[in-house]
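Trainee: Sequence and predicted structure below; questions after.
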Amino acid sequence: MSAPPVSFDRLKAFIHDAMVHLGLPDGDAMTVAGLMAQADLQGSDGHGVSRLPQYARRIKAGGFNVRPDIRVVREFPSTALVNGDNGMGHLVMSRAAAIAIEKARVTGIGWVSSQFSNHAGPASLYATMPLAHDMIGLYFAVGNANHLPPWGGLDMLLSTNPIAAAIPAGEEKPIVLDMATTVAAYGKVKTKALRGEMMPEGWMIDRSGKPLTDPKRAEEGMLLPLGGMEAGYKGYGLAMIIGLLAGTLGGAAMGKDVIDFNHDDDSVTNTGQAICAINIAAFGEVATFKAAVDTLVRDFRNSERIPGVDRISVPGERSAEARIVRGRDGIPIAPALMRSLDQLAGELGIAKLG
């Protein structure tokens, strides 16, 4: 039997309580809880509360620093390099986004890279932060485990390396693109496993090149890059470039140096991420730009459709709809995940989520 949906506020409070009992200061716990709960609210189930048991294991094993000294270690007028001191990625990237926004306010653009960060949830959480300041947001990251070989190879040297972009509109909702450079993010594979569902063909293949659809056998195979079997060289190339920008440029792990945090709870991952804020006012009138975005969105939405297509969407619409529906009806929690969260609650001595 499925557990009843959980409200956003209850989910946030549960994560906050867990983080406090795991040793995070109250303010940091609130920041992490808010971002994790937002992930579930927008439908990014593979990056929200489902990660809590794993985070708890790493904290208990010493894999995360619960009281990090997050600081700028290198800086120019429009750029900064942030050392996350192995803190929770949510804290590191929240700080990085704030710095990028402030630099863009002054110079027109802010690019902030991070080193010694950690998994931070869905990329769109950070790409959308500049929106409130009439800025465009871009986010890049090196994933926390390698599940992708170079095109034509077998050695796992690349991760899903996500990219996100958020562009403000006027009357329309912002355009928000959040995607992995693989056909499916590994978080979706983990979500399928939690729900007891099979993966569709085209997400993964085994080492002989045959389709792999059982998510519980994911370690036997590899993710397919964007473009799939026919044009995967495009996704492979994009994953490599994003990894160089998010990882190598900031002195973070890339390639064979990436730690698989799904199986290693105590090593420092040195995860790399980068965020860029672009001040629209540096290029023209903000209102004019937003009106132009509105026009483009409406042109796309109202354009002629091929037979069988009921609606043309733009990036970000499904997440926006999920926030409305889940904010009203609650956030669904898979039974297997709820059991895991109940167990964690018992270990920490906090109230269960349900």
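Mentor: Looks like it came in fine.
Trainee: Could you look up the SS state of residue 238?
Mentor: Put simply, residue 238 is helix when judged by DSSP: H, G, I helix; E, B strand; the rest coil.
Trainee: distance of it from residue 179?
Mentor: According to CB to CB, to the nearest Å, residue 238 and residue 179 sit 10 Å apart. For glycine as for every other residue, the C-beta is placed from the backbone atoms N, C-alpha and C.
Trainee: So which of these two has more stuff around it?
Mentor: residue 238 (19 against 16; other CB atoms under 10 Å).
Trainee: Model confidence for the closest residue to that one other than its chain neighbours, exactly?
Mentor: Nearest non-adjacent residue to residue 238, counting by CB to CB, 6 or more residues apart in numbering: residue 181, 4.7 Å away. With respect to pLDDT, residue 181 has a value of 96.
Trainee: Find residues that contact each of residue 238 and residue 179.
Mentor: Applying CB atoms under 8 Å, 6 or more residues apart in numbering, one finds that residue 238 and residue 179 are jointly contacted by 163, 226.
Trainee: hang on, the earlier thing: so the residue nearest to residue 238 sits right up against residue 223, yeah?
Mentor: No. Residue 181 is beyond contact range of residue 223, at 9.4 Å (criterion: CB atoms under 8 Å).
Trainee: Overlap in contacts, these two.
Mentor: Counting by CB under 8 Å, 6+ apart, the shared contacts of residue 181 and residue 223 are 148, 160.
Trainee: the strands in the stretch 1-150 of the chain, which residues?
Mentor: Taking DSSP state E, counting those that start in this stretch, the strands of the stretch 1-150 of the chain run over residues 71-76, 79-83, 109-117, 135-141.
Trainee: worst-scoring helix or strand of the protein, pLDDT-wise?
Mentor: helix 186-195 (a mean of 87; mean pLDDT, DSSP states H and E).
Trainee: that older thread, ok, which of the strands of the stretch 1-150 of the chain comes nearest residue 91?
Mentor: When those are compared by CB to CB, strand 109-117 sits nearest residue 91, at 8.8 Å.
Trainee: What strands flank that closest one, and is each parallel or antiparallel?
Mentor: Using DSSP bridges, strand 109-117 pairs in its sheet with strand 79-83 (parallel), strand 271-279 (antiparallel).
Trainee: now that strand against strand 135-141, angle please.
Mentor: 30 degrees (axes from the mean of the first three to the mean of the last three CA atoms, to 10 degrees).
Trainee: Figure out how far strand 109-117 is from the centre of its chain.
Mentor: 15 Å (CA atoms, centre = their mean, to the nearest Å).
Trainee: Could you do stretch 321-339 as well?
Mentor: The mean C-alpha position of stretch 321-339 is separated from the chain mean by 18 Å, CA atoms, centre = their mean.
Trainee: ok, residue 251 - contacts?
Mentor: 81, 115, 272.
Trainee: Would you mind checking which of those residues is nearest to residue 171?
Mentor: Nearest member of the contacts of residue 251 to residue 171, counting by CB to CB, is residue 272, at 36.9 Å.
Trainee: looking at it, that closest one is touching residue 257, isn't it?
Mentor: No. The criterion here is CB under 8 Å, and residue 272 misses it with residue 257 at 10.1 Å.
Trainee: ok, these two, which is more surrounded?
Mentor: For residue 272 and residue 257, the more surrounded residue by other CB under 10 Å is residue 272, and the numbers stand at 28 against 14.
Trainee: what about the more buried one, distance to residue 228?
Mentor: With CB to CB as the criterion, residue 272 and residue 228 are 27 Å apart.
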